[in-house]
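K.L.:
Generate a structure from the sequence data that follows.
(one chain, ligands or ions: 1)
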Amino acid sequence: MRLGRERPSQNIEDRRGMGGGFGMPGGGMRIPIGGRGGIGIGGIIVLLLLWLVFGINPLELLSGGGGVQIPRQTQTQTRTGEVANDQTTDFVARVLGSTERVWAEKFQAMGRRYDPPTLVLFSGAVQSACGMAQAAMGPFYCPPDQKVYIDLSFFEEMASRFGASGDFAQAYVVAHEVGHHVQNLFGTADKVTQARMQAPETEANDLSVRMELQADCYAGVWAKSADDSAQILEAGDIEEGLNAATAIGDDRLQKRSQGYAVPESFTHGSSEQRVRWFKRGLDTGDMNQCETFKAQPL
Ligand SMILES: [Zn+2]
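P.N.:
Next up is the predicted model:
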């Protein structure tokens, strides 16, 4: 990617090395996941919310198995607060800055104002308005605090465990989470969360898939629009993105973790669906093409 023309976002909160649960002003709820004898109600809320997140099937977390649970070493870090000037941080800041530029334009064209999300960098575990989250759950967007949470070591895991490498693969992850923020601003997130709570499981999963595929499509819309105006894409980038979308399809992840795929339990969509919707956004740059809730078949 070429991000030289994109301005790094200022909406980054660096909580790496702070540990989870600290530095949360205003007495935010602290709800640990796990603990003795079960995951507790707070944990369930977190898992429900994480239903929305990238690559994670809460059922796998609940059952304690699953291919997306990633053991990691304890990290000891001393940095606090300030945004470190390392390469990956700069990259993420520019991708985020690019999404801000693109979505601000699109919202303005609709007569609306784009209120950008904050991106929180963390290591190990983090406190969010959605509860306490572990890095092993992958990046996620928390609608109540309008923040995207990401542990940058996820990018290494994407490359080593899922075979999804390359800078555009990483940008797709960030843009997908920002896509959830766009859904939140449009009220889609609220509607879907409510509908899902009342629906039987298969239907709830279907809604989740539609939500995720729309976020994929929005990620494509961003990439196309950013490329049109700031030429961010280089040869091979599109392939990296599509490869990443393939690698994190539910069928692929389930086959890895349990040897077979159960389509009714999908919460993010199959590899083919993720690629197709990402590509639709990427081909058109038009968010009106991302009507996953109306698409039949999906
Ligand atoms: Zn998602």
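K.L.:
so what's Gly97 closest to, chain neighbours aside?
P.N.:
Leaving aside its chain neighbours, Gly97 sits nearest to Ser9 (3.9 Å; criterion: CB to CB, 6 or more residues apart in numbering). Every residue, glycine included, has its C-beta placed from N, CA and C.
K.L.:
er, Ser123 actually
P.N.:
Nearest to Ser123 is Arg16, by CB to CB, 6+ apart, at 4.4 Å.
K.L.:
element containing the one you found, please.
P.N.:
According to DSSP states H and E, Arg16 maps onto no helix or strand at all.
K.L.:
How about Leu119?
P.N.:
In this structure, Leu119 sits in strand 118-121 according to DSSP H and E.
K.L.:
Check Ser98 too.
P.N.:
With DSSP H and E as the criterion, Ser98 is inside helix 87-109.
K.L.:
now swap in Val178 and tell me
P.N.:
helix 167-185.
K.L.:
How about the next helix or strand after that helix and the ion, any contact?
P.N.:
Once the chain leaves helix 167-185, the next helix or strand it forms, by DSSP H and E, is helix 188-198. No. Judged by CB under 5 Å from the ion, helix 188-198 stays clear of the ion, getting no closer than 10.5 Å.
K.L.:
Who are the packing partners of helix 188-198?
P.N.:
When contacts are defined as 3 or more CB pairs under 8 Å, 6 or more residues apart in numbering; DSSP states H and E, helix 188-198 sits against helix 167-185, helix 201-230.
K.L.:
List the contacts of the closest residue to Ala215 other than its chain neighbours.
P.N.:
Nearest residue to Ala215 in three dimensions, chain neighbours excluded: Gly179, at 3.5 Å (CB to CB, 6+ apart). Residues counted as contacts of Gly179 (CB atoms under 8 Å, 6 or more residues apart in numbering) are 214-219, 222.
K.L.:
so what's Gly179 scoring on pLDDT?
P.N.:
According to the prediction, Gly179 has pLDDT 98.
K.L.:
from memory the residue nearest to Ser123 sits against Leu121, does it?
P.N.:
Yes. If you go by CB atoms under 8 Å, Arg16 and Leu121 touch, sitting 5.3 Å apart.
K.L.:
Return every residue with contacts to both of the two.
P.N.:
What both Arg16 and Leu121 touch, as defined by CB under 8 Å, 6+ apart, is an empty set.
K.L.:
Strands along the stretch 1-150 of the chain, start to end?
P.N.:
In the stretch 1-150 of the chain, the strands defined using DSSP state E, counting those that start in this stretch lie at 12-14, 118-121, 125-128, 131-134, 140-142, 147-150.
K.L.:
tell me the most buried of these?
P.N.:
strand 140-142 (a mean of 26; mean count of other CB atoms under 10 Å).
K.L.:
Parallel or antiparallel, which strands does that one pair with?
P.N.:
Strand 140-142 pairs in its sheet with strand 147-150 (antiparallel), by DSSP bridges.
K.L.:
what is the mean pLDDT for the partner strand?
P.N.:
Strand 147-150 comes out at a mean pLDDT of 97.
K.L.:
can you count the residues close to Leu185?
P.N.:
By the criterion of other CB atoms under 10 Å, Leu185 has 19 neighbours.
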